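**Q** Let me see the structure of the following:
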Amino acid sequence: MVSSKDVARYAGVSQTTVSRVLNNPDMVEKKTLEKVTRAMKEMNYRPNSVARSLVNRRTKSIALLSGPLHNPFFVETTTSIVNYSKQRGYNVNVHFENFGDNMSVYQDVLASKVDGIILSSILYEDPIFSELQSLDIPFMMFNRKHKKPGNFVEMDNIEAGRKATRHLLELNHRHIAWIGGPMNMTTFSGRYEGFQQEMKENGCTISPQNVNITDTSEADICRVMSDLLAEKERPTAIFAATDSIAIFLLDYLIQKGYQVPEDMSLIGVDNIALSRHHSFRLSTVGMNEKENLGRIAIEHLIDKIESSDDQFVEKTYPAQLYQRSTTKNI
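**A** You can find the predicted model right below:
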């Protein structure tokens with residue numbers, strides 16, 4: 001069986017360098033990394049990951065608590081997190097949010113031995129936060145955050161709410177309905193706050209029936225849209241707090257014989273890849289298209305796992321408007 005010593009001898013480097021390539025490749029200069037990697041391949045070397053974990057006292061595993069799968073945003077971020085982790089030599093145990101029973105999901109994660117936790121499934125005053133702190137391992141929040149200081153990366157949700165609303169107002173819409181999710185999640189509370197601020201500053205009234213909180217499922221979103229369509233004065237535009245909600249709404253409106261944006265304008269938030277689909281080209285607000293919150297978060301988490309840095313990472317990224325085909329002037 002080929003050993004790391006054999007690889008080091010073959011590549012003309014020290015065994016320490018081979019170890020560094022296996023455990024911290026980012027710390028190895030590109031030329032040396034390529035030489036050692038080539039030697040491993042040519043010698044058909046298979047590192048003993050179990051032994052390495054015992055030496056490092058690491059499991060090389062990360063737990064991911066993601067939002068619900070029916071939202072493509074979480075499909076995209078999960079894919080990015082898993083792919084990047086694999087590049088860095090980590091396995092990811094993926095758990096998905098279960099509305100109404102998140103505690104059982106948390107218990108599964110807390111019971112497993114991992115090197116770090118990355119989560120978007122957290123409430124603003126979530127009691128799980130103190131338990132996460134007591135684990136004494138790094139954890140990183142993305143997209144949503146807790147009220148207490150901690151590691152997080154997010155988009156500026158208030159700014160996103162303001163930009164989406166301002167876009168509709170600039171198109172002369174005044175009767176705008178907001179459809180979102182639970183307000184104990186910072187994504188929805190922030191986007192709603194931005195909506196409120198922009199409407200108030202422009203002298204627009206928000207009627208109670210035009211503020212709709214759902215569980216973000218397709219069935220609940222369609223129920224809300226059905227109620228809005230039954231109103232004597234239907235809204236001329238819908239601000240959907242996520243692209244996922246917007247896409248459910250778009251499909252429902254088309255089923256019912258409405259045209260978007262001719263009969264009703266529609267804007268979302270997140271700028272997921274699907275929003276750019278040429279069949280509907282959803283107007284939305286999101287981060288720079290080259291940035292992915294899941295990728296940003298997992299990079300920070302793995303860096304924390306592999307270093308002694310205990311400084312909080314608290315980053316809020318600007319939002320920008322992507323005007324496409326689902327909004328128009330009236």
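
**Q** Show me where the chain has its helices.
**A** Secondary structure of the chain (DSSP state H): helices at 4-11, 15-23, 30-42, 49-56, 72-87, 102-110, 128-134, 157-170, 186-201, 218-229, 243-255, 293-305.

**Q** Which secondary structure elements does the fifth one sit against?
**A** The elements that helix 72-87 packs onto, with contact taken as 3 or more C-beta pairs under 8 Å, 6 or more residues apart in numbering; DSSP states H and E, are strand 61-66, strand 91-96, helix 243-255, helix 293-305. Heads up, the C-betas are built off the backbone N, CA and C, glycines and all.

**Q** want to throw those into JSON lines with mean pLDDT?
**A** Formatted as JSON lines, the helices and strands packed on helix 72-87 follow (pLDDT from 0 to 100):
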{"stretch": "strand 61-66", "mean pLDDT": "95"}
{"stretch": "strand 91-96", "mean pLDDT": "93"}
{"stretch": "helix 243-255", "mean pLDDT": "98"}
{"stretch": "helix 293-305", "mean pLDDT": "96"}
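
**Q** Of all the ones you listed, which one is nearest Thr205?
**A** With C-beta to C-beta as the criterion, Thr205 lies closest to helix 243-255 of the helices and strands packed on helix 72-87, at 22.3 Å.

**Q** Next, the angle helix 72-87 makes with the closest one.
**A** Inter-element angle recorded for helix 243-255 and helix 72-87: 140 degrees (by axes from the mean of the first three to the mean of the last three C-alpha atoms, to 10 degrees).

**Q** Dump the C-alpha coordinates for helix 243-255 into PDB.
**A** The C-alpha atoms that make up helix 243-255 are tabulated as PDB, following Å, rounded to 0.1, in the frame of the first residue of the first chain:
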ATOM      1  CA  ASP A 243     -38.900  34.700  -6.000                       C
ATOM      2  CA  SER A 244     -40.400  31.300  -5.000                       C
ATOM      3  CA  ILE A 245     -43.600  33.000  -3.900                       C
ATOM      4  CA  ALA A 246     -43.600  35.100  -7.000                       C
ATOM      5  CA  ILE A 247     -43.300  32.000  -9.300                       C
ATOM      6  CA  PHE A 248     -46.200  30.200  -7.500                       C
ATOM      7  CA  LEU A 249     -48.300  33.400  -8.000                       C
ATOM      8  CA  LEU A 250     -47.300  33.700 -11.600                       C
ATOM      9  CA  ASP A 251     -48.400  30.100 -12.300                       C
ATOM     10  CA  TYR A 252     -51.700  30.600 -10.500                       C
ATOM     11  CA  LEU A 253     -52.500  33.800 -12.300                       C
ATOM     12  CA  ILE A 254     -51.900  32.300 -15.700                       C
ATOM     13  CA  GLN A 255     -54.000  29.300 -14.700                       C
END
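
**Q** Run the angle between it and helix 186-201 for me.
**A** Counting by the same axes, to 10 degrees, helix 243-255 points 70 degrees away from the direction of helix 186-201.

**Q** returning to what we had before: mind putting the helices and strands packed on helix 72-87 into CSV with mean neighbour count?
**A** As requested, the helices and strands packed on helix 72-87 are exported to CSV (neighbours: other C-beta atoms under 10 Å):
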stretch, mean neighbour count
strand 61-66, 23
strand 91-96, 16
helix 243-255, 21
helix 293-305, 22
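
**Q** Please name whichever of these is nearest to Thr327.
**A** Between Thr327 and the helices and strands packed on helix 72-87, the tightest spacing by C-beta to C-beta is seen for helix 243-255, at 10.7 Å.

**Q** The closest one - contacts with which helices or strands?
**A** helix 72-87, strand 176-180, helix 218-229, strand 237-240, strand 265-269, strand 283-286.

**Q** quick one on the thing from earlier: show me the one of the helices and strands packed on helix 72-87 that comes nearest Ala177.
**A** Each of the helices and strands packed on helix 72-87 was checked against Ala177 via C-beta to C-beta, and the shortest separation belongs to helix 243-255, namely 9.9 Å.
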